[in-house]
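Asks: give the three-dimensional model of this entry:
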Amino acid sequence: MIKGVLVVVVLLGLSAFSVDAGVEEGVAAMNRGDYTAAYMEFLPLAEGGDDVSMITIGTFYYMGQGFQKDYGKAMEWYLKAFEKGNGDAFSNIGVMYRDGSGVTKNKKMAYCLFLITHMRGLGTDDTQIRAGSCLNRLVPTMTKEELVEIFNYTEEYIVAYVKSKGTLKGVPEKYAPSKERVKLKDKDWWLPGELAFLEG
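Replies: Below is the predicted model of the structure:
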């Protein structure tokens, strides 16, 4: 299931490219299964700051396409795209936390990343569908206590946790809720009464 999701992410992301040097060649190489050649086409684009290329290379490492599977290198590329606000980076990193792929399994952080992707409308329509589907599958596994904790996090804390690759301990004061840092439950994302289940 995960393999299919990530392959779709790469292929859909590539459709968003403008016609750039290397893109057509990279897509052609992928289509013939030559991921080493595709990597060589996408690498200069990724190094030049193209976040879709970053996701593509990260997914090569995640899937072991053209390389030995390497979750650490996949995360490095996803984090570069995450810094640019790429919705697929948020969602793919969420998958890694959900499954414990190269990071300590943390379904609360996975939930947060899928939620932010979905509620902020990051990425393409397909990104949104995947994030919503991941949320729907994750919710039944969560306790009310976990959800209460999650909805009291700030986006600043979630971003800092991801950037630390899961090493951040507790919620440091500089990421705690304040006038400047709103709790997820206090975002303007929600319809009236939508979070009533958190009460009581």
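
Asks: is residue 24 in a helix, a strand, or coil?
Replies: Using DSSP: H, G, I helix; E, B strand; the rest coil, the structure places residue 24 in helix.

Asks: can you find the helix or strand of the chain with the lowest average pLDDT?
Replies: Least confident helix or strand of the chain, by mean pLDDT, DSSP states H and E, is helix 2-14 with a mean of 46.

Asks: next, the buried residues of the one helix or strand residue 89 maps to.
Replies: Using DSSP states H and E, residue 89 falls within helix 87-99. Across helix 87-99, burial judged by 16 or more other C-beta atoms under 10 Å covers 87, 88, 89, 90, 91, 92, 93, 94, 95, 96, 97, 98. Yep, even glycine has a C-beta here, placed from its N, CA and C like the rest.

Asks: quick one: the second one and residue 81 touch, right?
Replies: Meaning residue 88. Yes. Assessed by C-beta atoms under 8 Å, residue 88 is found in contact with residue 81 at 7.1 Å.

Asks: anything in contact with each of these two?
Replies: Shared contacts of residue 88 and residue 81 (C-beta atoms under 8 Å, 6 or more residues apart in numbering): residue 55.

Asks: the helices in the chain, which residues?
Replies: Secondary structure of the chain, counting by DSSP state H: helices at 2-14, 23-31, 35-47, 51-63, 71-83, 87-99, 107-119, 125-138, 144-151, 155-163.

Asks: and residue 72, what does it touch?
Replies: By C-beta under 8 Å, 6+ apart, the residues touching residue 72 are residue 102.

Asks: what's the separation between it and residue 118?
Replies: Distance, residue 72 to residue 118, by C-beta to C-beta, to the nearest Å: 27 Å.

Asks: what is the burial count for the nearest residue to residue 141 once chain neighbours are set aside?
Replies: Distance criterion C-beta to C-beta, 6 or more residues apart in numbering; nearest residue to residue 141, sequence neighbours excluded, is residue 107 at 6.5 Å. By other C-beta atoms under 10 Å, the residues close to residue 107 number 17.

Asks: how about the one 10 residues further on?
Replies: Neighbour count of residue 117, defined by other C-beta under 10 Å: 27.

Asks: I figured it hits residue 126, correct?
Replies: No. Counting by C-beta under 8 Å, residue 117 sits too far from residue 126 to count as a contact (11.6 Å).

Asks: for the residue nearest to the spatial centre of the chain, report the pLDDT, please.
Replies: Centroid check for the chain by C-alpha atoms, centre = their mean gives residue 90 as the closest residue, at 2.1 Å. According to the prediction, residue 90 has pLDDT 98.

Asks: in this structure it contacts residue 118, no?
Replies: No. Residue 90 is beyond contact range of residue 118, at 9.4 Å (criterion: C-beta under 8 Å).

Asks: find the residues that touch each one of those two.
Replies: With C-beta under 8 Å, 6+ apart as the test, residue 90 and residue 118 both reach residue 131.
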